[in-house]
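Trainee: The amino acid sequence is not available; the structure is as follows:
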């Protein structure tokens, strides 16, 4: 296990692939010490080899297991002298389908990983965040937190919850000097997408397929800025505005055209 040796540090869940992996690589390249956590042990081992063992601490972690999460945070703190500059709650799963036909076990699993995993992570890491000047608590929400999206209803609900949590904690944590923000990605070409979705996505517009490194770049920007919600791509802000001002119109357009034909203004 490496040591931060005075470097800034980031704790990333869901780090074995996709947005988490790209974020780990980018921050390591910027000279940060990386804590990488995932259920995918093989992916973590490959990431450790790429980053170099002196530049990271890598550990298998199920974010729904609170005791294990507590141990992961404690081990990270040992490597960073009790510091955590950035907590990136990124782990998530996407199990969809029509809600009325969805196995309830899938419903529970999505809530446990996407919401409870975030709550556990923040609750366990807040001590290190409070001990670190200018720290950031950052979470992956989703474009489906702009307007609830059909066939991923439970996933969408958890991401709405994450967005609301970020807003509330951005107020509460000011008392500790801890900043809070989230990212609302659209169609990001990662393993969480069902087969064929990225290929079927339009070539332009807010629901075009975007490489995960673009989200990693936003995580980097978020640490160096004072902004609550980050949209990838930025045009998703217009959907968020429309969903607030004219939810019935957004509903009807969603029903007529589906996800990729959502309104852009």
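Mentor: Here it is on my side, so go on. The structure presented is a predicted model; accordingly, all values stated were derived computationally and were not measured.

Trainee: Find me the pLDDT at residue 199, would you?
Mentor: According to the prediction, residue 199 has pLDDT 62.

Trainee: what's the nearest residue to residue 147 once chain neighbours are set aside sitting at in phi/psi?
Mentor: Excluding the flanking residues, the one nearest residue 147 by CB to CB, 6 or more residues apart in numbering is residue 243, at 3.8 Å. All C-beta spots, glycine's among them, are computed from the backbone N, C-alpha and C. With angles defined as degrees, to the nearest 10, residue 243 sits at phi -70, psi -30.

Trainee: Please identify the helix or strand for the closest residue to residue 51 other than its chain neighbours.
Mentor: Nearest residue to residue 51 in three dimensions, chain neighbours excluded: residue 28, at 4.8 Å (CB to CB, 6+ apart). Assigned by DSSP states H and E, residue 28 belongs to helix 18-29.

Trainee: on that earlier part again, go ahead and confirm the residue nearest to residue 147 touches residue 146.
Mentor: Yes: using CB atoms under 8 Å as the test, residue 243 is close enough to residue 146 to be in contact (5.0 Å).

Trainee: Of the two, which one has the most company?
Mentor: For residue 243 and residue 146, the more surrounded residue by other CB atoms under 10 Å is residue 146, and the numbers stand at 28 against 19.

Trainee: What pLDDT does the model give residue 65?
Mentor: So, for residue 65, pLDDT stands at 98.

Trainee: And for it, the neighbour number?
Mentor: Using other CB under 10 Å: residue 65 sits among 14 other residues.

Trainee: ok, now which ones touch residue 166?
Mentor: Counting by CB atoms under 8 Å, 6 or more residues apart in numbering, residue 166 touches 139, 141, 180, 181, 182, 228, 229.
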